[in-house]
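1. Attaching a predicted model along with its sequence, questions to come.
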Amino acid sequence: MSCPTWIKRLLSPLSYLRIQHDLKFKYDWLIPGALTIVTMATLGSIGYQIPILGPDGIISSFANLSHVLVGFFIAALTAVATFPKRSLDQLMSSPAPTLKGLYKGKAINRQLTRRRFLCFLFGYLAWLSLFL
């Protein structure tokens, strides 16, 4: 059974997560996770208590930041999608990131150009900021 079209369109920015590359896990999860652990450990070791809830808490601060980030990511997506630069339309360095997809009913691996990769990235970040 297939998903309705509106759900596919609503979730299409999540296609960024399906991009495959050897270093993608490292840059998407490993480095940010390690920096988070180091930061939290450092703040904990000096006795700083991080407020979670309340007007000065992390959640409140992140909500304010995400309002700004949504606009920034959408503007960046628009700029990348429309900027007339030929180098953006070239394949990324070898090995180029790939995205599995369907073309005329056949599964294919499509290598991404810089423009497509950045559009996937900024679309995902804008969607994530709106969602959070």
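-> Arrived safely, thanks for sending.

2. Could you name the helices and strands sitting against the lowest-mean-pLDDT helix or strand in the chain?
-> Lowest mean confidence among the helices and strands of the chain (mean pLDDT, DSSP states H and E): strand 98-103, at a mean of 84. Secondary-structure packing of strand 98-103 (3 or more C-beta pairs under 8 Å, 6 or more residues apart in numbering; DSSP states H and E): strand 106-111. C-beta: built from backbone N, CA, C; applies to glycine.

3. Between strand 106-111 and the next helix or strand after the strand it packs on, find me the angle.
-> Counting by DSSP states H and E, the next helix or strand C-terminal to strand 106-111 is helix 114-131. Interaxial angle, helix 114-131 versus strand 106-111 (axes from the mean of the first three to the mean of the last three C-alpha atoms, to 10 degrees): 100 degrees.

4. just how off-centre is helix 114-131 within its chain?
-> Centre-to-centre, helix 114-131 and its host chain are 5 Å apart (C-alpha atoms, centre = their mean, to the nearest Å).

5. any idea of the mean pLDDT in that helix?
-> On average, the pLDDT along helix 114-131 is 94.
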